[in-house]
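> Structure for the following, please:
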Amino acid sequence: MDVALVGRNEERLVEAAAQLEFEHNIKAHVIVCDLAKVGAAAKVSARVREMGLVVDVLVNNAGFGYDARFVESDMARQRELILTNDLALVELVGEFAPDMAERKCGGILNVASVAGFMPGPDMATYYASKAFVQSFSQAIHVELRRAGVHVSTLCPGPVRTAFWEKRRCSTHPDFADRARCPLRCERGIQRALPQQGPLRAGCACKDDRARNALCPRAVSWRGRRQHSSARARRNRNADPAPLPP
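Reported below is the predicted structural model:
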């Protein structure tokens, strides 16, 4: 199966394409596009048609996080997060799902997160964006399954990637021992398309979801606030301060 890689970093895309072609003897196409821009999905679709490609499987993996208290955050950055994590995903599905339904076959894998199962103070928009991905994916799965199109959601926990390092969580005691190597998520992706409902990679992630489903919200929020406060103290290199009640 040939692939088309989409992203805004051309150098990294070309490198990944070369590696895929060498290791798997396939053709890897590169489409440079910033999915945070309005109309990006239509540009990707047009480029795919120009290349004469037919999309059998769509993987929506683009996204980023933003760690800041909402009232103190940069609204332009929040808007970019929503455009990338949610709007681009919806529009890409809108561009390619109709053709899949017409052909009566196809698969869509939307990458969400275990963050979508709980609120995330200090990362409110990111957590909410992943909850949207889960809800949207489950709804369109019901709509498209009779047309032979399978929609799945992958919900990983912390994964040691560039995203992980940028989040500055690699030394966080509550996340470091739970961070999964990319291979674990690769196995999750291999299982995801035939999976009914969201797939969570790793037992610790399943335990987190169960606790958040059973615990009162105040308990869940307080735990998240404790994690956020500890992280903020480390970033400031300051003496620990007591958590406000």
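> Can you give me the end-to-end span of stretch 139-154?
15 Å (C-alpha to C-alpha, to the nearest Å).
> Can you give me the buried ones in that stretch?
For stretch 139-154, the neighbour count (16 or more other C-beta atoms under 10 Å) marks 140-141, 144, 147, 149-154 as buried. For the C-beta atoms, the positions are set from N, CA and C on the backbone; glycine is no exception.
> what does stretch 46-60 give?
Buried residues in stretch 46-60, counted by 16+ other C-beta under 10 Å: 47-48, 55, 58-60.
> now the helices: where do they sit in this protein?
10-24, 40-50, 75-82, 88-103, 124-144, 162-166, 173-176, 182-192, 203-214, 217-236 (DSSP state H).
> re earlier: so which pair among the buried residues of stretch 139-154 is furthest apart in space?
Farthest pair in the buried residues of stretch 139-154 (C-beta to C-beta) is 147 and 154. Separation: 21.6 Å.
> on that earlier part again, if we only consider the buried residues of stretch 139-154, which is nearest to residue 67?
Out of the buried residues of stretch 139-154, the member with the shortest distance to residue 67 (by C-beta to C-beta) is residue 154, at 22.1 Å.
> what about the closest one, distance to residue 45?
To residue 45, residue 154 is 23 Å away according to C-beta to C-beta, to the nearest Å.
> So what's the residue count around residue 1?
For residue 1, the neighbour count with other C-beta atoms under 10 Å is 7.
> and the gap between the closest residue to it other than its chain neighbours and residue 3?
Nearest residue to residue 1 in three dimensions, chain neighbours excluded: residue 26, at 6.7 Å (C-beta to C-beta, 6 or more residues apart in numbering). According to C-beta to C-beta, residue 26 stands 7 Å off from residue 3.
> One more: residue 46?
Distance, residue 46 to residue 3, using C-beta to C-beta: 18 Å.
> With residue 92 instead?
Taken as C-beta to C-beta, the span from residue 92 to residue 3 is 15 Å.
> of these two, who's got more company?
The neighbour comparison of residue 92 against residue 3 (other C-beta under 10 Å) goes to residue 92, with 24 against 17.
> close enough to count as contact, that one and residue 43?
No - contact criterion C-beta atoms under 8 Å: residue 92 and residue 43 do not qualify, at 10.8 Å.
> Many thanks, we can stop here.
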